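> pasting the sequence and the predicted model now:
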Amino acid sequence: MARVARQMVKEAGVDVDKLLELLIKNASAELTTFYYYTILRANLIGLEGEGIKEIAETARIEDRNHFEALIPRIYELGGKLPDCMKEFHDISACPPANLPEDPSNAMEILKVLVGAERCAVAGYTEICHLTAGKDHRTYDLALSILNEEIEHESWFSEFLGEGPSGHFMRRGETSPFVSKFLR
């Protein structure tokens with residue numbers, strides 16, 4: 001499988017090694033963000049924090065889903081994940097979404113959350129630019145993830161008072177764009 005998929009993408013004009021590097025680094029960012037968002041969400045307490053907790057949880061679960069959706073495409077193109085989890089963490093496309101110095105400050109946690117989402121939006125935009133019109137499967141996957149990351153960013157940026165986005169919190173549904181890749 002990897003041989004044919006890789007060959008078709010290469011023949012379409014995509015630098016497959018560069019694409020795999022981006023996919024693997026973004027997969028790392030998704031898994032590490034899932035981990036860091038677990039810590040951030042646990043610290044969203046009090047009146048300010050409780051209002052953000054459900055949105056942080058949705059973003060956390062969807063980041064895990066993004067990781068799961070990326071893995072098959074990485075292997076289809078002949079790539080693989082590093083054998084060492086620490087190495088995988090350290091190649092992340094985005095910096096760690098660490099707990100701020102004052103873990104009781106919900107606004108500071110929001111700044112960490114929105115920063116992580118903005119990094120993800122940039123990463124998937126780059127993959128879309130690289131694959132548009134050339135690698136339809138990877139493009140569709142990256143675009144689906146990008147749509148969800150843009151929603152995450154909008155949710156957090158609204159709490160920071162950056163203005164309305166027109167996006168609404170989803171009820172009872174996670175990964176509406178990426179779910180087709182998880183079947």
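Received it, and whenever you're ready, just let me know what you need.
> so where is this structure shaky, pLDDT-wise?
The chain contains residues with pLDDT under 70 at 1, 170.
> now the helices: where do they sit in it?
Using DSSP state H, the helices of the chain run over 2-11, 16-42, 46-76, 85-90, 106-131, 136-159.
> Serialize those helices to JSON lines and add fields for mean neighbour count and distance to Arg183.
No exception for glycine: its C-beta is placed from N, CA and C like everyone else's. Below are the helices of the chain laid out as JSON lines (neighbours: other Cβ atoms under 10 Å; distance: least, Cβ to Cβ, whole Å):
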{"stretch": "helix 2-11", "mean neighbour count": "14", "distance to Arg183": "18"}
{"stretch": "helix 16-42", "mean neighbour count": "20", "distance to Arg183": "18"}
{"stretch": "helix 46-76", "mean neighbour count": "19", "distance to Arg183": "10"}
{"stretch": "helix 85-90", "mean neighbour count": "12", "distance to Arg183": "25"}
{"stretch": "helix 106-131", "mean neighbour count": "20", "distance to Arg183": "21"}
{"stretch": "helix 136-159", "mean neighbour count": "21", "distance to Arg183": "13"}
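> quick one, which of these gets closest to Ser179.
Ser179 lies closest to helix 46-76 among the helices of the chain, at 7.6 Å (Cβ to Cβ).
> on contacts alone, who are the packing partners of that closest one?
helix 2-11, helix 16-42, helix 106-131, helix 136-159 (3 or more Cβ pairs under 8 Å, 6 or more residues apart in numbering; DSSP states H and E).
> and those helices as CSV, adding distance to Glu87?
Output for those, formatted as CSV (distance: least, Cβ to Cβ, whole Å):
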stretch, distance to Glu87
helix 2-11, 22
helix 16-42, 9
helix 106-131, 19
helix 136-159, 23
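> how near is Tyr75 to Asp102?
42 Å (Cβ to Cβ, to the nearest Å).
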